[in-house]
Structures are given as C-alpha cells and as structure tokens.
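# The sequence and its predicted three-dimensional model are supplied below.
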Amino acid sequence: MMAEEHTDLDLEAQIIKDIHCKEIDLVNRDPKNINEDIVKVDFEDVIAEPVGTYSFDGVWKVSYTTFTVSKYWCYRLLSTLLGVPLALLWGFLFACISFCHIWAVVPCIKSYLIEIQCISHIYSLCIRTFCNPLFTALGQVCSSIKVLLRKEG
C-alpha cells in the first residue's frame, strides 16, 4: 500500500514538472497561428506608390530597407526591455482570471442553475394548476363556434 502511494506521488510530481518545464519550439514561435494575419506587416502592406507618382528608385530601396530594419530592431529592443515584465503581467492577469473563474464564476453559475431548477418546478406547477384549466375551458367554449363564409356577387 505504501509503495503504491509513493508511486502515485512520484507520477503526480513528474506530471507537474512536465507542465512547467516543457520544451518550447524556438523555430515556430506561433504554433497555433494566433498572429497569422494580425501583426504580420510588411513594407508593401503599409507603403505603396500608385502608378504615375513614383519616387526615385534609390529612395524606394532605402525606404524599404529602413522600414524593414527599423521594424526588426525596434521589435527586438522592445521585446528585450518589456517582454519579461509583460509576460509576468499577463501571467498574473490570466492567473487572476482563472482563479475568479474557478472559485467564483462556476460556483455562482452552478448555484444559479440549482435555484432556477427549483423555481422552474414551481412555475410549471402554477401553469398546470391555473393556466391549463383556463385554456382548456376557453378551448371548449370556442370549439362550438362555426364560421361560414359566403361569396356575394
């Protein structure tokens, strides 16, 4: 019995370790493609010269290079300076959201569903007690009404 408990604890510890120490893919950093079309912006998506209003070829090439390089290095600099603090902030935020969902939202919804089920039974009883006989009587009264349509002409 003691060996089984020890094995279960080892397995649980291994699962927890695997969750927090999983390998990350350094090549494909967006495996679920959440940023596929949103932030993938190239020079051609932002700057375009219509036919007849072209700048000098040299200006166009330097503009392309400047845009591409500055976007690349600015992103690298910002992610270096702010990536870890923002990851901490987002981790904290999603931990708070998870905590609220687990400990407040789901229990409230379950409580509501239990209470509404009780109210549903009472409402159903009231409908069957008061409305069903009323509508049955009205149906019998109206069942003897006959409508005759004549075409005059």
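Structure's in. What do you need?

# If you count residues, where's the longest helix of this protein?
helix 57-100 (DSSP state H).

# So the residue with the shortest distance to the centre of the chain versus Lys40, what's the distance?
Central residue of the chain (Cα atoms, centre = their mean): Ile34, 12.0 Å from the mean position. As judged by Cβ to Cβ, to the nearest Å, Ile34 and Lys40 stand 11 Å apart. (Each C-beta comes from the backbone N, C-alpha and C, glycine too.)

# what does Tyr112 give?
From Tyr112 to Lys40 the distance is 43 Å (Cβ to Cβ).

# Next: Ile114.
As for Ile114, its distance to Lys40 is 48 Å (criterion: Cβ to Cβ).

# low-confidence ranges in this protein?
Applying pLDDT under 70 to the chain flags residues 1-21, 153.

# hmm, 80 instead?
1-24, 35-39, 153 (pLDDT under 80).

# for stretch 101-120, the distance to its chain's centre please.
Its chain's average C-alpha position is 21 Å from that of stretch 101-120, according to Cα atoms, centre = their mean, to the nearest Å.
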